[in-house]
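Trainee: what's the 3D shape of this:
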Amino acid sequence: MRSAESVMGQPKDHRHEPAEENPRTPKAFGRRPAFFAPHPPLMSGGWYQGADHEVVGPGRYPVPRPQPKSVKAALLWALFLGPLGFCYVSPVGGLIGTAMAVTAITLGGAPVVAVIWPVVMVLSLAALSRRSEDAE
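Mentor: Prediction:
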């Protein structure tokens with residue numbers, strides 16, 4: 001029985017063969033630009049990381065401190081959107097609350113909404129007051 005090498009011969013080494021030019025390959029006629037535009041400056045991220053002051057580093061420009069959250073706006077968001085409106089105060093808490101509310105409404109039915117909405121409004125006020133106490 002003969003091996004594949006003896007029947008087919010030595011395998012070709014295609015790594016060192018120069019590539020043939022294909023006449024149908026389009027050619028680029030444009031020039032390379034003299035320079036590339038610089039990257040826009042990066043925004044600082046000190047405020048959302050809970051820092052007391054913002055550290056401006058290389059490539060960063062200072063960003064003004066965000067406005068404090070409004071109690072009226074928190075109540076309105078929670079009143080109209082329920083658990084999803086809680087995202088105004090706490091994005092992660094709002095998404096978790098929305099998932100829990102959808103699960104509770106699915107399992108318990110529509111009357112559960114009458115319990116969830118006021119609870120979310122009270123939680124948004126509590127989270128907002130706690131956040132304002134932490135800032136002081």
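Trainee: tell me where this protein has helices.
Mentor: Using DSSP state H, the helices of the chain run over residues 4-8, 71-81, 91-108, 113-135.
Trainee: quick one: low-confidence residue ranges for this protein.
Mentor: Within the chain, the stretches with pLDDT under 70 are 1-19, 28, 32-64, 132-136.
Trainee: let's see it at 80
Mentor: Where the chain drops to pLDDT under 80, the residues are 1-66, 130-136.
Trainee: buried stuff in stretch 105-117?
Mentor: Buried residues in stretch 105-117, defined by neighbour count with 16 or more other Cβ atoms under 10 Å: 105, 116, 117. Placement of C-beta: from N, CA and C, glycine included.
Trainee: other residues contacting that stretch?
Mentor: Residues from elsewhere that reach stretch 105-117 (Cβ atoms under 8 Å, 6 or more residues apart in numbering): 78, 79, 82, 83, 101, 104.
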